[in-house]
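Novice: Could you work out the structure for the sequence below:
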Amino acid sequence: MPQHNSVTIADVQAAQERILGIAHRTPVLTSRIVNDRTNSQVFFKCENFQRTGAFKFRGAYNALAQLSIAQKQTGVITYSSGNHGQAIALAGQLLNIPTTIVMPDDAPTVKQTATRGYGAEVILYNRQETNREELAQKLADERSLTLIPPYDHPHIIAGQGTAALELIQEVGELDLLLVCCGGGGLLSGSAIAAKALLPNCKVIGVEPALADDATRSFHTKTLQTVKNPNTIADGARTPSLGQITFPLVLHYVNDMVTVSEEAILRTMFFLWERLKIVVEPKLVNCFLTQTDRKLTFITRAGGFCLCSRDF
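Specialist: Alright, predicted model coming up:
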């Protein structure tokens, strides 16, 4: 298994330079009512305003920009339920790289349409019958394409870490950073950035209780899996942490916690009603953890990565 030094703060900083002027530097929002409810100062890094509506563009562009000329000419392939696929498709369009996206046939139509709109070939599969990783690898071998997975790739992880890097550069000291978790790309990248810049900042990963493989993996120190969990947070339906992200999470993250489906829905409405932002179910997890007070330590300043929107 790769070690915890497979991605470093230098990689995250290099990624920030690479995506400068291409990815949006997204806004950081605050809310008086949230501060009052949590008895702390809270900052929301709003990646729902990122290109394609998700933090995934950061890692996708960082990865594709580093391909060789030959790899760029033959093209890339990935598998995704939507956000990573759209990000790869747009990055490919900007860099003139052909892209192929393997997506589940039950992925939201708007995500399929957007992915095709960025010029990608979309290949649909049935979640219950087909292993997406195996299908993508088979197509990559047959077509000589470069496979760029959605989270278990050092360039993807470094790119995602730039979201937390920007947040810390803008707001300064944080006692706590809450980050949602699916496959662990955003969480591990953000934790690397946070621990390098703010060694005393506690980094907490959050995922749905119905898709708690990362939480079980963290607490048992053994990689756990979950199969097609029935959670509204479709971005968290990944089967497990990756071979690269797992050791990074173990090394840099302080704790993992879970939230219920009911609480996710309630918090989505709260964010829409009070902050006037539309946030994907997976990404409300981190905010929900603070407001439901599942964390026992007291924070003066906390950061949240609200990192994509759903339509």
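Novice: low-scoring pLDDT stretches of the stretch 151-300 of the chain, where are they?
Specialist: Low-confidence regions of the stretch 151-300 of the chain, defined by pLDDT under 70, span residues 280-300.
Novice: quick one: the helices in it?
Specialist: Along the stretch 151-300 of the chain, the segments classed as helices by DSSP state H, counting those that start in this stretch run 154-171, 185-197, 213-220, 245-252, 261-270, 285-291.
Novice: okay, now residue 80: neighbour count?
Specialist: Residue 80: 28 surrounding residues under other Cβ atoms under 10 Å. From N, CA and C alone the C-beta is placed, and that goes for glycine too.
Novice: secondary structure element for the closest residue to it other than its chain neighbours?
Specialist: Take residue 80 and drop its neighbours on the chain: the residue closest to it by Cβ to Cβ, 6 or more residues apart in numbering is residue 150, 5.3 Å away. Counting by DSSP states H and E, no helix or strand carries residue 150.
Novice: If it's not too much trouble, I'd like the helices of the stretch 151-300 of the chain exported to TSV so that mean neighbour count sit alongside each entry.
Specialist: Below are the helices of the stretch 151-300 of the chain laid out as TSV (neighbours: other Cβ atoms under 10 Å):
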stretch	mean neighbour count
helix 154-171	25
helix 185-197	28
helix 213-220	19
helix 245-252	22
helix 261-270	16
helix 285-291	24
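Novice: Distance check, the residue positioned nearest the centre of the chain against residue 85.
Specialist: By Cα atoms, centre = their mean, the mean C-alpha position of the chain lies nearest to residue 186, the distance being 4.0 Å. Residue 186 is 16 Å from residue 85, where distance means Cβ to Cβ, to the nearest Å.
Novice: Show me what residue 177 bridges to in the sheet.
Specialist: residue 203, residue 303 (DSSP bridges).
Novice: Got phi/psi on residue 129?
Specialist: phi -110, psi -20 (degrees, to the nearest 10).
Novice: whoops, residue 79 was the one
Specialist: Residue 79 adopts backbone torsions of phi -120, psi 140, taken as degrees, to the nearest 10.
Novice: wait, isn't it in contact with residue 136?
Specialist: Yes: assessed by Cβ atoms under 8 Å, residue 79 is found in contact with residue 136 at 4.4 Å.
Novice: Mind listing the shared neighbours of these two?
Specialist: Common contact partners of residue 79 and residue 136 (Cβ atoms under 8 Å, 6 or more residues apart in numbering): residue 102.
Novice: would you list the helices of the stretch 151-300 of the chain in CSV and tack on distance to residue 57?
Specialist: Shown next, in CSV, are the helices of the stretch 151-300 of the chain (distance: least, Cβ to Cβ, whole Å):
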stretch, distance to residue 57
helix 154-171, 8
helix 185-197, 12
helix 213-220, 23
helix 245-252, 19
helix 261-270, 22
helix 285-291, 19
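Novice: so which of those helices comes closest to residue 95?
Specialist: Nearest to residue 95 among these is helix 154-171; the distance by Cβ to Cβ comes to 13.4 Å.
Novice: so what secondary structure elements neighbour the closest one?
Specialist: helix 9-19, strand 28-29, strand 41-46, helix 56-64, strand 176-180, helix 185-197, strand 301-306 (3 or more Cβ pairs under 8 Å, 6 or more residues apart in numbering; DSSP states H and E).
Novice: tell me the most buried of those?
Specialist: Of these, the one with the most neighbours on average (mean count of other Cβ atoms under 10 Å) is helix 56-64, at a mean of 30.
Novice: Which elements pack onto that helix?
Specialist: For helix 56-64, the packing partners by 3+ Cβ pairs under 8 Å, 6+ apart come out as helix 9-19, helix 83-95, helix 154-171.
Novice: Residue 120: which of those helices is closest?
Specialist: Nearest of these (Cβ to Cβ): helix 83-95, 3.7 Å.
Novice: Please tabulate the helices and strands packed on helix 154-171 in CSV, including the columns distance to residue 245.
Specialist: Formatted as CSV, these follow (distance: least, Cβ to Cβ, whole Å):
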stretch, distance to residue 245
helix 9-19, 14
strand 28-29, 25
strand 41-46, 20
helix 56-64, 12
strand 176-180, 12
helix 185-197, 5
strand 301-306, 15
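Novice: Tell me which of these sits nearest to residue 73.
Specialist: Distance to residue 73, taken as Cβ to Cβ, is lowest for helix 56-64 among those, at 12.5 Å.
Novice: C-terminal to the closest one, what's the next element?
Specialist: helix 69-74.
Novice: about what we covered before: which residues does the residue nearest to residue 80 contact?
Specialist: 56, 78-80, 84, 156, 183, 185, 238 are the contacts of residue 150 under Cβ under 8 Å, 6+ apart.
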